[in-house]
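In: How does the following fold in three dimensions:
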Amino acid sequence: MPFIRHLLTLSLGAALLPVTALHAEELPAPIRKIEAKGAKIIGSFDAPSGLKGYAAQYQNRGMTLYLTADGQHVLLGNLYDADGKDLSAEPLQKLVYAPMSKEVWAKMQASNWIADGNKDAPRTVYLFSDPNCPYCNMFWEQARPWVNAGKVQLRHIMVGIIREDSPGKSAALLAAKDPQKTLADHEKAGKASTLKPLAKIPAAIQAKLDANMKLMEELELSATPAIFYLDDKGELQQQQGAPSPDKLLKILGPK
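Out: The predicted model follows:
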């Protein structure tokens, strides 16, 4: 999941020209050639030594292009100064990753999730969850002090990828009269859970599962739990698997 990994490491900043100020006819020919290969040119920025920088997005990844002073050649990759500072990080974060993270968060908000905790909790955490996932259950247990105290609401984006009956069990949770209670009972019971998969999944519920799976695939995720949260700077962060105690505090906040 390369784009998420970049989101974890880049910082905000830089004076940049947004894509709204760039028109296709104004892009230099070498940059247009890169665009024709499938890259989306997001914006431009100033670069040293006569170079002109362009931030681009390609298959959920950010990349920087540097047009040479003669306007005839393009360098692809990160640019470093004499002190070893990565001069490409800030433009990528500002123009590519920050907007992408907002888009991902909005998609998760609009996904088919089951709430776990107070709707007015000051912190929201999303996780892609499979009913047969032991690490999802472990994270559920880890989060109880925060959830029970009203500090965090977990939002379980239900998918079915681990076992053959996983889709049916996720469907049963989504179709329950009280999904929040049914999920709580299932997680509380652990291996002793009596949750039964739906033998026939209604079309409306199947559509919800399909949408969740499509989002998971878009984010290039392959395992559960995949946990998403906003850090103290409001930047999107991601954790794969049940977190360690120190990581848990970063995800859920202070007790």
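In: Would you give the sheet partners of the strand or helix carrying I227, along with the direction of each?
Out: Under the criterion of DSSP states H and E, I227 resides in strand 226-230. The pairing partners recorded for strand 226-230 under DSSP bridges are strand 123-129 (antiparallel), strand 236-240 (antiparallel).
In: ranking those strands by mean pLDDT, which is last?
Out: Comparing mean pLDDT across these, the weakest is strand 236-240, with a mean of 92.
In: What residues of the helix or strand just after that one count as buried?
Out: Counting by DSSP H and E, the element after strand 236-240 in chain order, helix or strand, is helix 245-252. Neighbour counts using 16 or more other Cβ atoms under 10 Å place 248, 251-252 of helix 245-252 among the buried residues. To be clear about C-beta, it is placed using only N, CA and C from the backbone, and glycine gets the same treatment.
In: would you turn the residues you listed into JSON lines with pLDDT?
Out: What follows is these, written out as JSON lines (pLDDT from 0 to 100):
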{"residue": "L248", "pLDDT": "94"}
{"residue": "I251", "pLDDT": "96"}
{"residue": "L252", "pLDDT": "96"}
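In: Need those residues in CSV (columns: distance to C136).
Out: Output for these, formatted as CSV (distance: Cβ to Cβ, whole Å):
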residue, distance to C136
L248, 14
I251, 14
L252, 15
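In: and of those, the nearest to Y80?
Out: I251 (32.0 Å; Cβ to Cβ).
In: In contact with that closest one, which residues are there?
Out: Neighbouring residues of I251 by Cβ atoms under 8 Å, 6 or more residues apart in numbering: 125, 227, 229, 237, 239, 243.
In: just the buried members of these?
Out: For the contacts of I251, a burial check counting by 16+ other Cβ under 10 Å picks out 125, 227, 229, 237, 239, 243.
In: how far away is the nearest residue to the third one once chain neighbours are set aside from K169?
Out: Nearest non-adjacent residue to Y229, counting by Cβ to Cβ, 6 or more residues apart in numbering: V125, 4.7 Å away. Using Cβ to Cβ, to the nearest Å, one gets 22 Å for the distance from V125 to K169.
In: D130 now?
Out: Computed as Cβ to Cβ, the D130 to K169 distance reads 8 Å.
In: hey, what's in contact with both of these two?
Out: Common neighbours of D130 and K169, using Cβ under 8 Å, 6+ apart, are G160.
In: Which other helices and strands does the helix or strand that E187 is a member of contact?
Out: E187 is part of helix 179-189 when elements are defined by DSSP H and E. Judged by 3 or more Cβ pairs under 8 Å, 6 or more residues apart in numbering; DSSP states H and E, helix 179-189 is in contact with strand 113-116, helix 134-142, helix 166-175.
In: which residues touch M213?
Out: 159-161.
In: all strands for the stretch 1-150 of the chain, in order.
Out: 16-18, 40-46, 52-58, 61-67, 74-76, 113-116, 123-129 (DSSP state E, counting those that start in this stretch).
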